[in-house]
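Enquirer: Sequence and predicted model, in that order:
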Amino acid sequence: MRFWVGIDDTDSKNGMCTTYVCKMVMERLEENGSKIIGFPRLIRLNPNVPYKTRGNGAVSFLVETQDISELIEITNEAILEFSELDDKDTDPGAVFINAENHELLEVLFNFSKKAIREFVSIDEAFFLIGKYMIPHLKYKTGRGLIGALAAVGAECNDQTIELLAYRKKERFGKKRIIDRDSFFLADLLTYPETFDTVDWGNDTVVSVPNSPDPVLFGIRGTDLESIFKAMKTVKTEEVDRYQVFVTNQATDMHLIHEDEVSEISEGKSYILSGVVVDEPFEIKGGHVFFSINTRFGELMCCAFEPTKQFRSVIRKLKRGDVVTVFGSYKDGAINLEKIRLDSLADIFIEENPICEICGKKMESEGRGKGFRCKKCKTRAEKKVRVKVERYLELGYYEVPPIARRHLSKPLVRMNVEEKHIFR
Ligand SMILES: [Zn+2]
């Protein structure tokens, strides 16, 4: 029989990673004669869920097994062994779903869509588990059951791949040893089939985490061969084991288009168009704010300091510019992940007229007395209106790789014109 196994919330801020627990479960199942079908899946859920400080990712995989009780037991043992169960905020959950139960998978698809774009309560998860009598494992509050169900239900129409390389157990929590240059070389050799390995503009390796989890590095991309080439190119401390995941990372699956909703609400992510009404201003810390008039009223938008050079585009916006913003509505502002400049307002300034003979600017003769060129004696009555050069191109702009959220689709993956890629 084939079962979908979903697992979530086994990690904490202090260590572990649900993908690693997934890897250990799969290895043990295979040792026991079960067969893993295809790649496991790493599904990123709504990044704005408040108690999730890190990636909010859950995992699922398809397994062929003769014995569901053995499947559950092996999963249970691995979760007990590897989870950060002592952490007060770690509440693992796992579910086991018959892959032939299409009715349930359809229900879970909708559940998953909600978990990626909105909020799902633990009660909703318990309701489904009760209604469909879903075999499951629940630890502490069992909040991980939400992600476990969502990871099984997620339908990845658009998908990317991530290869996660893990550290030797004795290296967990220690400073990662990597050759920075080799990551830049890997990017050079395999971009854009791999992406977000490094950030050239900010001179940073972004594929190596700083957290104390077992992940050594993660190579993201769309083509397996290129991903393996990148893995072979990077030089690091010894890789203990690695696993390829199919993911909904870099797909914009979290974004809700404005046409789909009648209001916008805190903690969800949107694609909204509007006209700039309040021009950009910067607050302490380098965060840049501006506001736009949308069909939902006036809305604040923000490019935070970590979005680095993206802010230099935002700072140039003027009243009357038409833009489309992509990002999460959080603390009363759209946190920009991307922006599209749809049209730029014509901005004029008044300047002293120019002398037709020598081409220099005329001087004022005093208030209300007109202008003249001292040298050529030419005269003019009024200032002239001059259109300001905006030095800004229409089209898409995105935050650089160091500021990219897991779910955000990089422009290099988008089939659109006028892309301005920060790489
Ligand atoms: Zn002159």
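Expert: Arrived safely. Numbering: from 1, shown residues only.

Enquirer: Could you use CA atoms for every contact and neighbour count after this?
Expert: OK.

Enquirer: Contact partners for Glu258?
Expert: Counting by CA atoms under 8 Å, 6 or more residues apart in numbering, Glu258 touches Tyr270, Ile271, Leu272.

Enquirer: Tyr132: how many residues sit nearby?
Expert: Using other CA atoms under 10 Å, the number of residues around Tyr132 comes to 13.

Enquirer: What does it show for phi and psi?
Expert: Main-chain dihedrals, Tyr132, degrees, to the nearest 10: phi -100, psi 10.

Enquirer: Can you list the low-confidence ranges for this structure?
Expert: Across the chain, the ranges flagged by pLDDT under 70 are 51-54.

Enquirer: From the contacts of Glu258, which land in strands?
Expert: Tyr270, Ile271, Leu272 (DSSP state E).

Enquirer: and which of those is nearest to Tyr396?
Expert: Closest approach between the ones in strands among the contacts of Glu258 and Tyr396, by CA to CA: Ile271, at 12.8 Å.

Enquirer: Quick check: the closest one touching Thr324?
Expert: Yes: between Ile271 and Thr324 a contact is recorded at 6.8 Å, counting by CA atoms under 8 Å.

Enquirer: Would you point out which residue of the stretch 51-200 of the chain is nearest the ion?
Expert: Going by CA to the ion, the ion is nearest to Trp200 of the stretch 51-200 of the chain, at 49.0 Å.

Enquirer: Figure out the helix or strand that the closest residue to the ion within the stretch 201-350 of the chain lives in.
Expert: Residue nearest to the ion within the stretch 201-350 of the chain: Glu350 (19.2 Å; CA to the ion). Using DSSP states H and E, Glu350 falls within strand 348-351.

Enquirer: Likewise for Phe326?
Expert: Going by DSSP H and E, Phe326 is part of strand 322-330.

Enquirer: Can I get that strand in PDB? Just the C-alpha atoms.
Expert: Only the C-alpha atoms of strand 322-330 are listed here, as PDB (Å, rounded to 0.1, in the frame of the first residue of the first chain):
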ATOM      1  CA  VAL A 322       1.500  53.600 -10.700                       C
ATOM      2  CA  VAL A 323       2.900  50.500  -9.100                       C
ATOM      3  CA  THR A 324       2.000  46.900  -8.400                       C
ATOM      4  CA  VAL A 325       3.400  45.600  -5.100                       C
ATOM      5  CA  PHE A 326       4.100  42.000  -4.000                       C
ATOM      6  CA  GLY A 327       4.400  41.200  -0.300                       C
ATOM      7  CA  SER A 328       3.000  40.400   3.100                       C
ATOM      8  CA  TYR A 329       0.600  42.800   4.900                       C
ATOM      9  CA  LYS A 330       2.200  42.900   8.300                       C
END
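
Enquirer: Can you tell me the closest non-neighbouring residue to Asn202?
Expert: Ile402 (7.7 Å; CA to CA, 6 or more residues apart in numbering).

Enquirer: Can you classify that neighbour as helix, strand or coil?
Expert: helix (DSSP: H, G, I helix; E, B strand; the rest coil).

Enquirer: show me the residues around it that make contact.
Expert: Asp196, Val198, Asp199, Asn202, Thr204, Val206, Pro306, Thr307.

Enquirer: any idea how far the nearest residue to Val325 once chain neighbours are set aside lies from Leu394?
Expert: Take Val325 and drop its neighbours on the chain: the residue closest to it by CA to CA, 6+ apart is Ile339, 4.6 Å away. Distance of Ile339 to Leu394, given as CA to CA, to the nearest Å: 10 Å.

Enquirer: Ok, Met231 next?
Expert: From Met231 to Leu394 the distance is 36 Å (CA to CA).

Enquirer: who's more crowded, those two?
Expert: Neighbours per residue, other CA under 10 Å: of Met231 and Leu394, the larger number sits with Met231, 20 against 16.

Enquirer: ok, back up a step: other SSEs contacting the strand holding Phe326?
Expert: Applying 3 or more CA pairs under 8 Å, 6 or more residues apart in numbering; DSSP states H and E, we find strand 322-330 packed against strand 255-257, strand 269-283, strand 333-343.

Enquirer: again, 7 Å this time
Expert: Other helices and strands packing on strand 322-330, by 3 or more CA pairs under 7 Å, 6 or more residues apart in numbering; DSSP states H and E, are strand 269-283, strand 333-343.

Enquirer: The last one to strand 269-283, inter-axis angle?
Expert: To tie it back to what came earlier, the one meant is strand 333-343. 90 degrees (axes from the mean of the first three to the mean of the last three CA atoms, to 10 degrees).

Enquirer: Within the sheet, what are the partner strands of strand 333-343, with directions?
Expert: Note on strand 333-343: by DSSP bridges, its sheet partners are strand 297-303 (parallel), strand 322-330 (antiparallel), strand 395-398 (antiparallel).

Enquirer: Serialize those to TSV and add fields for mean neighbour count.
Expert: TSV is the format used below for the strands paired with strand 333-343 (neighbours: other CA atoms under 10 Å):
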stretch	mean neighbour count
strand 297-303	20
strand 322-330	23
strand 395-398	22
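
Enquirer: I'd like the ones you listed laid out as TSV, including distance to the ion.
Expert: Listed next are the strands paired with strand 333-343 as TSV, based on distance: least, CA to the ion, whole Å:
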stretch	distance to the ion
strand 297-303	46
strand 322-330	40
strand 395-398	41
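
Enquirer: Could you tell me which residues of the stretch 301-423 of the chain lie near the ion?
Expert: Proximity of the stretch 301-423 of the chain to the ion (CA under 5 Å from the ion) is limited to residues Cys355, Ile357, Cys358, Cys373, Cys376.

Enquirer: List of residues touching stretch 247-257?
Expert: 41-44, 46, 116-117, 156, 158-162, 269-272, 406-410 (CA atoms under 7 Å, 6 or more residues apart in numbering).
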